[in-house]
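Trainee: Fold the following.
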Amino acid sequence: MIMTATHAESSVWIPEPGTYVADPAGSSIEFRAKHLFGLGTVAGNFRIASGSIQVASPLERSSVKATIDASSFSTGNARRDKDVRSARFLDVDRSPTITFVSTRVGVVDSAWVLEGQVTVRGKTAPVALTITESQPVDGGLAMVAETRIDRHAHGITSAKGVAGRYLDLTIRLRARATGTGR
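Mentor: Have a look, this model is predicted:
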């Protein structure tokens, strides 16, 4: 059964209630950030290691948890990637994962938004992901969400000016259904 949740001007496909498990091979987190005092742009990605979505009825009781492999940070520049994985930035030796736990699902300014907490290097900060696409795929779902992360909120302040403060993320998630219910 395909359900569409409409609120004001926003319409997004809503999967049936149940549990959905992320497919790491079919999911990614892409980012863009400014560098060199805002003159250049760096693009790259992270891998989603695991995740689960519990779709509830009513939808506002739904929840999401995800784990990102911090060492998967990649921009295609080996020197920069090694530096960002070091203790100066992500410190992947001591903090190998980045986690997301949702706190609320709802509509904000006519868009479906997933609010939650992101923990990087042991520091937790709030984040809001705007769901821009959602569709059924092979007995599961595919979603796209966008957000902006402030690295300073996680205590990552190295290379101010040279490395951008904000990362604009696009999360592309595929998940398979593992069961239905409330």
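Trainee: In the chain, where is pLDDT below threshold?
Mentor: Counting by pLDDT under 70, the ranges of the chain that qualify are 1-11, 36-38, 161, 179-182.
Trainee: what residues are up against residue 22?
Mentor: 48, 50-53, 66, 173-175 (CB atoms under 8 Å, 6 or more residues apart in numbering). No exception for glycine: its C-beta is placed from N, CA and C like everyone else's.
Trainee: what about the nearest residue to it once chain neighbours are set aside, how many residues close to it?
Mentor: Leaving aside its sequence neighbours, residue 22 sits nearest to residue 51 (CB to CB, 6 or more residues apart in numbering; 3.4 Å). By other CB atoms under 10 Å, 21 other residues sit near residue 51.
Trainee: Wait, residue 51 touches residue 64, no?
Mentor: Yes - here residue 51 lies in contact with residue 64, judged by CB atoms under 8 Å, at a distance of 7.0 Å.
Trainee: just curious, which of the contacts of residue 22 is nearest to residue 31?
Mentor: Residue 31 has its nearest neighbour among these in residue 48, at 12.9 Å by CB to CB.
Trainee: Output the contacting helices and strands for the one helix or strand the closest one maps to.
Mentor: Per DSSP states H and E, residue 48 falls inside strand 40-55. On a contact count with 3 or more CB pairs under 8 Å, 6 or more residues apart in numbering; DSSP states H and E, strand 40-55 meets strand 18-22, strand 28-35, strand 63-74, strand 97-108, strand 163-180.
Trainee: Measure how far it is from the centre of its chain, please.
Mentor: Strand 40-55 has its average C-alpha position 5 Å from the chain's average C-alpha position, going by CA atoms, centre = their mean, to the nearest Å.
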